[in-house]
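Engineer: Quick one, structure for this:
(2 chains)
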2 protein chains.
Amino acid sequence: MCRPRDRADGMGVERYESPDAETVADVVSTALHEGAVVTAEVACEVEYDGRTSGYLGPGDRLVVAKPDGTLLVHQPTKHKPVNWMPTGGTIVTSVAETADEPVIVARRSNPRERVEVRVRETYGLTRFDAADAAEYEESGTEAEMHEYIEAHPEELEDGLRIVEHERETKYGFIDFYAVDAEGTPVVVEVKRVQATLNHFDQLKRYVSLYEDTGDVRGLLVAPSASERVERACRDAGLEFVALPEFETDATLGNATLTDFD
Amino acid sequence: MCRPRDRADGMGVERYESPDAETVADVVSTALHEGAVVTAEVACEVEYDGRTSGYLGPGDRLVVAKPDGTLLVHQPTKHKPVNWMPTGGTIVTSVAETADEPVIVARRSNPRERVEVRVRETYGLTRFDAADAAEYEESGTEAEMHEYIEAHPEELEDGLRIVEHERETKYGFIDFYAVDAEGTPVVVEVKRVQATLNHFDQLKRYVSLYEDTGDVRGLLVAPSASERVERACRDAGLEFVALPEFETDATLGNATLTDFD
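Structural biologist: Next up, the predicted model:
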């Protein structure tokens, strides 16, 4: 059995293997109160009462509780939780009188809804003190940037000439195969979002395809890049080109998530 | 540091603390292939490409991968995942060339979509061999059953007479306060779904309120009850009454989940 990690290690994760009912109730209550996320692998049954009623018989599930009152019960398949309480609920965890089992209840009042998770067995429980200030930034598609670059190659570099758009290679499609003012081949990889190390990897792979044939350059084009990515490019002899006009200043946030159904 | 549990213990949970990139890639690939669910507490950045493009900068998140190709990335708040791939996606986990970091990519082809989770740090990883054959059964509301019982108390027991509907007590509302043919008080707790131990607990609590005043009986009324609940009732001197006409034979399943947005 694992003891909870010392939180002073800075990892922010405490794990409990096969905790008893009291421990589950304590850890969940304390964690949520203190702003941490809790994940539990359990056997449980679930009851919903609100707009309708519903019952989910015993089975193994992943339960996620968040400090904002979110409760999610996930079966081993499907992307939607089988039962849940949205943000703004109140989660109370207790020990059932009869069976020494943890009971997790999430409720809200408008509309009046209640999800009750009766835990038969807790295989494991994790408290996660997660820090996350990032917001999802949605942007248009890469196709828009491709059109722009095809029409304005000089925005990437004076004298750059596009030879081929979407050239197929054994590693996938190269966005643009171009030549510079000196006639040196240039592989151009375009990203619609802030450049990540993975984009850098991708460009590096494409460039490696042409290294046998002599000099070749690689340009990574994106609205922006982290310092980490710029450094990786510099170290590998590749170049990053910012097209800040494609930066999104509005964080559309979870716009695509309305499709989550 | 915890070593993975011996799976022969039957718990079906293996935990890895601060696994390295190779371990993450191996565990995730193997687990999904073998039908297990994976949960990871990570610092990561996420990229989405499909109907639009999007980028989520570094932060601490809970990543859930299911064997049906579902991938969920959960921030510490909000009930919806910030990024996800629905059931039917293909999840491939590898180690990034540059940074010795795990990269989890979920994709599908119709519509063409891709979610890439670039893991900066893996605090913990859990493989969960979850067995769950239960389906969520949705039924009507308790109000319908209340109306029925109020109109037909004889369906619960010959000679039963309802004295009060929804009597308030310090433990909450008693569904029906009644008297039987002998004049003995009867506390009736009504559930629209299969009776659980928690319902039994609730009835027991209500009945305890009246025990000081002499004889009192308790009836738990539901479409059905597990053997466990029937036994608990018997052992505690309470009675279970089935109203099987309220049983749902159609499992409406995730009907309420269409509201998950």
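Engineer: Please identify the helix or strand for residue A:146.
Structural biologist: helix A:142-151 (DSSP states H and E).
Engineer: Could you do residue A:175 as well?
Structural biologist: Counting by DSSP H and E, residue A:175 is found in strand A:172-179.
Engineer: so after that strand, what's the next helix or strand?
Structural biologist: For strand A:172-179, the following helix or strand on the C-terminal side (DSSP H and E) is strand A:185-190.
Engineer: Which elements pack onto that next one?
Structural biologist: helix A:142-151, strand A:172-179, helix A:197-208, strand A:217-222 (3 or more C-beta pairs under 8 Å, 6 or more residues apart in numbering or on different chains; DSSP states H and E). Heads up, the C-betas are built off the backbone N, CA and C, glycines and all.
Engineer: number of nearby residues for residue A:244?
Structural biologist: 8 (other C-beta atoms under 10 Å in any protein chain shown).
Engineer: Test my guess that it contacts residue A:224.
Structural biologist: Yes: assessed by C-beta atoms under 8 Å, residue A:244 is found in contact with residue A:224 at 6.5 Å.
Engineer: Okay, buried residues for the top strand by length along chain A please.
Structural biologist: Of all the segments of type strand in chain A, defined by DSSP state E, the longest one is strand A:112-128. Residues of strand A:112-128 classed as buried by neighbour count (16 or more other C-beta atoms under 10 Å in any protein chain shown): A:113-120, A:122-128.
Engineer: One more: stretch A:222-233?
Structural biologist: A:222-225, A:228-230, A:232-233.
Engineer: What count of nearby residues applies to the residue nearest to residue A:160 when sequence neighbours are not counted?
Structural biologist: In space, and not counting its chain neighbours, residue A:160 is closest to residue A:153: 4.5 Å by C-beta to C-beta, 6 or more residues apart in numbering or on different chains. Neighbourhood size, residue A:153 [other C-beta under 10 Å]: 18.
Engineer: For residue A:153, what are phi and psi?
Structural biologist: Dihedral pair for residue A:153: phi -60, psi -30, per degrees, to the nearest 10.
Engineer: What separation do you get for the spatially most central residue of chain A and residue B:75?
Structural biologist: Centroid check for chain A by C-alpha atoms, centre = their mean gives residue A:136 as the closest residue, at 9.0 Å. Distance, residue A:136 to residue B:75, using C-beta to C-beta, to the nearest Å: 9 Å.
Engineer: Same question for residue A:209.
Structural biologist: 38 Å.
Engineer: Please say which of the two ends up with more neighbours.
Structural biologist: More crowded of residue A:209 and residue B:75, by other C-beta under 10 Å: residue B:75, with 24 against 15.
Engineer: my read is residue A:26 is in a helix, agree?
Structural biologist: Yes: Residue A:26: assigned to a helix according to DSSP: H, G, I helix; E, B strand; the rest coil.
Engineer: mind checking pLDDT for the closest residue to chain B within the stretch 151-261 of chain A?
Structural biologist: When scored by C-beta to the nearest C-beta, the stretch 151-261 of chain A has residue A:193 as its residue closest to chain B, at 3.5 Å. With respect to pLDDT, residue A:193 scores 84.
Engineer: Quick check, it in contact with residue B:57.
Structural biologist: No: the pair residue A:193 and residue B:57 fails to qualify as a contact (C-beta under 8 Å) at a distance of 10.0 Å.
Engineer: quick one, which of the two is more surrounded?
Structural biologist: Per other C-beta under 10 Å, whichever of residue A:193 and residue B:57 has more neighbours is residue A:193, with 27 against 17.
Engineer: The more buried one should be in a helix, yeah?
Structural biologist: No: if the criterion is three-state DSSP, then residue A:193 is coil and not within a helix.
Engineer: what's it in contact with, if anything?
Structural biologist: Neighbour list for residue A:193: A:137, A:139, A:222-223, B:47, B:53-55 [criterion: C-beta atoms under 8 Å, 6 or more residues apart in numbering or on different chains].
Engineer: for the stretch 151-261 of chain A, which spans come out with low pLDDT?
Structural biologist: Within the stretch 151-261 of chain A, the segments meeting pLDDT under 70 span A:248-261.
Engineer: Go again with 50.
Structural biologist: A:249-261 (pLDDT under 50).
Engineer: Just say which of the helices and strands packed on strand A:185-190 is most tucked in.
Structural biologist: Among the helices and strands packed on strand A:185-190, strand A:217-222 has the highest mean neighbour count (mean count of other C-beta atoms under 10 Å in any protein chain shown), at a mean of 24.
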